[in-house]
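Asks: the sequence isn't on hand, but the structure is:
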Ligand SMILES: CC(C)(COP(=O)(O)OP(=O)(O)OC[C@H]1O[C@@H](n2cnc3c(N)ncnc32)[C@H](O)[C@@H]1OP(=O)(O)O)[C@@H](O)C(=O)NCCC(=O)NCCS
């Protein structure tokens, strides 16, 4: 059997056609109400994080063509307080794809629901989603094809974050193994 035949017969290594960034880019919009506030009277950060996860999950599902689960959420930044009566727009796109995971970048914008003033950016986040099969096992994702210079910059920056995530995880695992070998229980 040739290498080519092996590849064609093996769904684990066969090429999956790529998809452009715009094919899955999504905006989720929501008006903030009293039910969304914290004890200070502004919008609870967890409410924004839920919207971020929802929007990013929709993008990951669209890009990968099936279920995808949140593997990590990092660099969630809250830049300005969000208020009751704000119309919040959560804009998400696939920044980068690996074998079975995707980084989704999210920008959160807010504007007064009844005023024609420009929206301001109030937050941002980067999430990693893993595409999973019916058994919850990771499955291959189509490579994302950046379309604009901005998409390309985001792709390159996502690769830097990926490298740092893996290095941090590896360093922590190595430290834990070393401590266990030295007899520490935790
Ligand atoms: C995410 C999950 C599917 C990963 O499964 P796993 O058996 O560890 O599989 P792998 O190690 O092969 O990881 C799969 C991919 O996810 C990436 N990944 C896994 N954990 C990650 C993390 N913490 N941060 C970033 N990426 C991660 C891997 O790098 C890999 O990407 P790649 O194939 O593009 O290189 C599994 O941990 C899981 O199901 N977690 C629960 C997810 C969930 O329920 N989310 C909702 C929270 S309520």
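Replies: Structure received. The structure presented is a predicted model; accordingly, all values stated were derived computationally and were not measured.
Asks: any idea which element residue 159 lies in?
Replies: helix 149-181 (DSSP states H and E).
Asks: show me where the protein has helices.
Replies: 3-9, 45-64, 149-181 (DSSP state H).
Asks: show the average pLDDT along the first one.
Replies: Same thing as helix 3-9. Per-residue pLDDT values across helix 3-9 average out to 37.
Asks: from here on, count from 20
Replies: Yes, from this point I'll number from 20; that puts the last item at helix 22-28.
Asks: returning to what we had before: which elements pack onto the helix holding residue 178?
Replies: If you count contacts as 3 or more C-beta pairs under 8 Å, 6 or more residues apart in numbering; DSSP states H and E, helix 168-200 packs onto strand 87-97, strand 105-116, strand 120-131, strand 139-150. Bear in mind the C-beta positions are built from the backbone N, C-alpha and C, glycine included.
Asks: just put these in a markdown table and tack on mean pLDDT.
Replies: Shown next, in a markdown table, are the helices and strands packed on helix 168-200 (pLDDT from 0 to 100):
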| stretch | mean pLDDT |
| --- | --- |
| strand 87-97 | 95 |
| strand 105-116 | 98 |
| strand 120-131 | 98 |
| strand 139-150 | 98 |
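Asks: dump those strands into CSV; add mean neighbour count and distance to residue 80 as well.
Replies: Converted to CSV, the helices and strands packed on helix 168-200 look like this (neighbours: other C-beta atoms under 10 Å; distance: least, C-beta to C-beta, whole Å):
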stretch, mean neighbour count, distance to residue 80
strand 87-97, 15, 5
strand 105-116, 24, 11
strand 120-131, 22, 10
strand 139-150, 21, 8
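Asks: possible to save those strands as CSV with distance to residue 164?
Replies: CSV is the format used below for the helices and strands packed on helix 168-200 (distance: least, C-beta to C-beta, whole Å):
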stretch, distance to residue 164
strand 87-97, 18
strand 105-116, 9
strand 120-131, 13
strand 139-150, 17
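Asks: residue 202: which of those strands is closest?
Replies: strand 87-97 (30.9 Å; C-beta to C-beta).
Asks: nearest spatial neighbour of the residue of the chain found nearest the ligand, skipping sequence neighbours?
Replies: Of all residues in the chain, residue 117 sits closest to the ligand, with a separation of 2.3 Å (C-beta to the nearest ligand atom). Residue nearest to residue 117 in three dimensions, not counting chain neighbours: residue 181, with 7.1 Å by C-beta to C-beta, 6 or more residues apart in numbering.
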